[in-house]
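In: make a model of this:
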Amino acid sequence: MNSNKEQTCIRALADENQISRCKKKIENVGSDLSDLASIIGLIGNDTRIKILYLIQSEHRLCVCDLSDILGMTVPAVSQQLRKLKDRGIISSEREGTVIHYSLKEEYVELFSYIINHSSNRNLIIA
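Out: Okay, here's the model as predicted:
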């Protein structure tokens, strides 16, 4: 009996060198790709992407500012900030009683690229 793979693949010959080469590529970068998928999944949330966009464009914001801007409660914003901070995407800095959040340097270029290559040119961060 034919497997699903045999029933759906119509190529005449498999390029075994290419298949082997690609398998090795995945073996070498598999954990990095999983890490990237995790980041993309995390920032793919509507609220978190807005928070990151605002922090990127303003360089730093506190939870109260984000709460006012987004029309959300402080605890709701804090929960989103915690997820981003736990993943290492943002950092926090205390000034007296206020904590400001900023995008970690290693994510500035990546996030700028994502925003600047969106289909909506109104998002571009200078």
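In: which neighbouring elements make contact with the helix ranked longest in the chain?
Out: Secondary structure of the chain read by DSSP state H shows that its longest helix is helix 16-43. Packing partners of helix 16-43 (3 or more CB pairs under 8 Å, 6 or more residues apart in numbering; DSSP states H and E): helix 46-58. Every residue, glycine included, has its C-beta placed from N, CA and C.
In: the helix it packs on: how far from the chain's middle?
Out: Relative to the centre of its chain, helix 46-58 is centred 11 Å away, using CA atoms, centre = their mean, to the nearest Å.
In: repeat that for stretch 85-99.
Out: Counting by CA atoms, centre = their mean, stretch 85-99 is centred 18 Å from the centre of its parent chain.
In: same thing with stretch 11-19?
Out: Relative to its parent chain, stretch 11-19 has a centroid offset of 34 Å by CA atoms, centre = their mean.
In: show the average pLDDT along it.
Out: Stretch 11-19 shows a mean pLDDT of 90.
In: ends of that stretch, what's the gap?
Out: Counting by CA to CA, to the nearest Å, you get 13 Å between the two ends of stretch 11-19.
In: how about stretch 9-16?
Out: 15 Å.
In: now the longest helix of the chain: how far from the chain's centre is it?
Out: The chain centroid and the centroid of helix 16-43 are separated by 16 Å, computed with CA atoms, centre = their mean.
In: try stretch 27-46
Out: Taking the mean of its C-alpha atoms, stretch 27-46 sits 8 Å from the chain's own mean (CA atoms, centre = their mean).
In: got it, and stretch 74-86?
Out: 15 Å.
In: buried ones in that stretch, by neighbour count?
Out: With burial defined by 16 or more other CB atoms under 10 Å, the residues of stretch 74-86 counted as buried are 77, 78, 80, 81, 83, 84.
In: what's the pLDDT at the last one?
Out: The confidence metric pLDDT takes the value 97 at residue 84.
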